[in-house]
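**Student:** Here is a sequence together with a model predicted from it:
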Amino acid sequence: MIDAAVALERLQEGNQRFVKGLRCVETMMTHMKRGELTDGQEPFAIILGCSDSRVPAEIVFDQGLGDLFVIRVAGNIVAPSQIGSVEFAASQFKTRLVVVLGHSQCGAISATVEELKRPKAEQSQNIKSIVDRIRPSVEPFNVTELWHDDKALVEQAMRANVRASCNQLRHGSHILEDLSENEGLLIVGAEYSLETGEVVFFDGLPQAE
């Protein structure tokens, strides 16, 4: 089992390689591990990220087969199925790091902002279910100056949505609460920049001693 702090450092180092256009030799040869993984897996981190095609977790963190347990859904929202997936990986594989990964220019966040400003008469109930989960993270900005600056609003709403998802994982599951309190599970929030390729961790980081 890999400690959460060690796993976090491993992700940060992998992302720095990605930003610099480098790849770890082990990652490049990851296809050779395929046979070794047929009997089981031990992912060192769980990533709950957005479905956006520009944010593939394995690539932006320069990791290979068997390294990450990735859950992707538009807007990196948390619903029962996402909580269950995190519970499964944390319990079954003893993975001790969970990262909620948002990103700049998130379409799901933009769609939520647009819906709040200009409600649509007709909208798919399935898309609405995503928007409704993001809505609580966007609505508080209605009384701020950010409401009139779409670019800044989407950026801040994205971070608020990541924090909300982290909070739901921390407090919406007895299993995850117990693992956090007693077995070293760490749940953190991060943002991926489409412009630079860098991942910034900004929520739930352990305090430096």
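**Tutor:** Yep, that arrived.

**Student:** residues of stretch 183-194 that come out buried?
**Tutor:** Buried positions in stretch 183-194, judged by neighbour count with 16 or more other C-beta atoms under 10 Å: 185-192. Every residue, glycine included, has its C-beta placed from N, CA and C.

**Student:** ugh, wrong one, stretch 44-55
**Tutor:** The neighbour-count check on stretch 44-55 (16+ other C-beta under 10 Å) flags 44-50, 52, 55 as buried.

**Student:** just for this structure, where's the confidence low?
**Tutor:** Scanning the chain for pLDDT under 70 picks out 208-209.

**Student:** and the longest helix anywhere in it, how far out from the chain's middle?
**Tutor:** For the chain, the helix that runs over the most residues, judged by DSSP state H, is helix 150-171. Computed by C-alpha atoms, centre = their mean, to the nearest Å, the chain-centroid distance of helix 150-171 equals 11 Å.

**Student:** can I assume residue 142 is in contact with residue 113?
**Tutor:** No. Using C-beta atoms under 8 Å, residue 142 is not in contact with residue 113, being 10.2 Å away.

**Student:** Between the two, tell me which one has more neighbours.
**Tutor:** residue 113 (20 against 11; other C-beta atoms under 10 Å).

**Student:** Check the gap between the more buried one and residue 200 for me.
**Tutor:** Relative to residue 200, residue 113 is positioned 21 Å away (C-beta to C-beta, to the nearest Å).

**Student:** in this structure, which spans are strands?
**Tutor:** Per DSSP state E, the chain carries strands over the ranges 45-49, 68-72, 97-103, 186-192, 199-203.

**Student:** could you dump the ones you listed to CSV with distance to residue 147?
**Tutor:** Below are the strands of the chain laid out as CSV (distance: least, C-beta to C-beta, whole Å):
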stretch, distance to residue 147
strand 45-49, 27
strand 68-72, 29
strand 97-103, 20
strand 186-192, 21
strand 199-203, 22
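
**Student:** still on that earlier bit, packing partners of the longest helix of the chain?
**Tutor:** helix 80-92, strand 97-103, helix 107-117, helix 125-138, helix 174-182, strand 186-192, strand 199-203 (3 or more C-beta pairs under 8 Å, 6 or more residues apart in numbering; DSSP states H and E).

**Student:** List the contacts of the longest one.
**Tutor:** In other words, helix 125-138. By C-beta atoms under 8 Å, 6 or more residues apart in numbering, the surrounding residues in contact with helix 125-138 are 73-75, 77-79, 108-109, 111-113, 115-116, 123, 153, 157, 160-161, 163-164.
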